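here is my input; please provide its structure:
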Amino acid sequence: MAHIKVPDLPGIRGLMAFRPETAKVLNELTEVLLRSENSLSRGERELIATYVSSLNDCFFCQNAHGGIAQHYLQCDMDFIDSVKRDFQSTEISDKMKTLLSIAAAVQKGGKNVTPEQVEKAKGLGATDIEIHDTVLIAAAFCMFSRYVDGLGTTAPSDRQFYINRGKVRAEEGYVGFDLYK
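Here you go, the predicted model:
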């Protein structure tokens, strides 16, 4: 049960229904970061959000975005879990590994990102926009995880719920959808 009285919806959805005026700007930011035109695929950006949410130990966010990443990347939850557990040992590009390294540094604190990490990412083909967006996705998902967990929202424990919702959210996006669906 959430710490405050919010609509009975899981995770951030209940909080967004409680404060639609803040939901609007948060969803617009998420839409730009995770779905707009970008040289990183939507699946890669969702994977960054998932990884940072797992570092934050936010069950709702890591599974909600893991389900969306799974949909976009056409993989299974075991793959998503392996990235969260040890991305260096997974079959993702070296560029993506360096971006996840940068995201992990941001999760610890912005000043933990090093010039060496950035140069390595650039050396592997990461653009300034990709590095920028990785940092902003990581920072945003630190905020989102703390928002969800700080207000004690509920999260379905059945991970299939998130896999099923992943397809819907991937198709609908983050703006203009019915929170109560």
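
which helices and strands sit right next to the strand or helix carrying residue 121?
Element membership of residue 121, judged by DSSP states H and E, is helix 115-123. With contacts defined as 3 or more Cβ pairs under 8 Å, 6 or more residues apart in numbering; DSSP states H and E, the secondary structure elements packing on helix 115-123 are helix 94-108, helix 128-150. Any C-beta I mention is one placed from the backbone N, CA and C, and that applies to glycine too.

buried residues in it?
Neighbour-count burial for helix 115-123, with 16 or more other Cβ atoms under 10 Å as criterion, is recorded at 117-118, 120-121.

and what of stretch 45-60?
Buried residues in stretch 45-60, counting neighbours by 16+ other Cβ under 10 Å, are found at 45-56, 58-60.

got it, and stretch 137-148?
Within stretch 137-148, the residues that qualify as buried by neighbour count (16+ other Cβ under 10 Å) are 137-142, 144-145, 147-148.

for the nearest residue to residue 149 once chain neighbours are set aside, give its distance to residue 66.
Of all residues beyond its chain neighbours, the one nearest residue 149 is residue 58 (5.5 Å), with distances taken as Cβ to Cβ, 6 or more residues apart in numbering. Look at residue 58 and residue 66: by Cβ to Cβ, to the nearest Å, they are 11 Å apart.

which strands or helices does the helix or strand harbouring residue 78 pack on?
Secondary structure from DSSP H and E places residue 78 in helix 77-86. Counting contacts by 3+ Cβ pairs under 8 Å, 6+ apart, helix 77-86 is packed against helix 42-55, helix 59-73.
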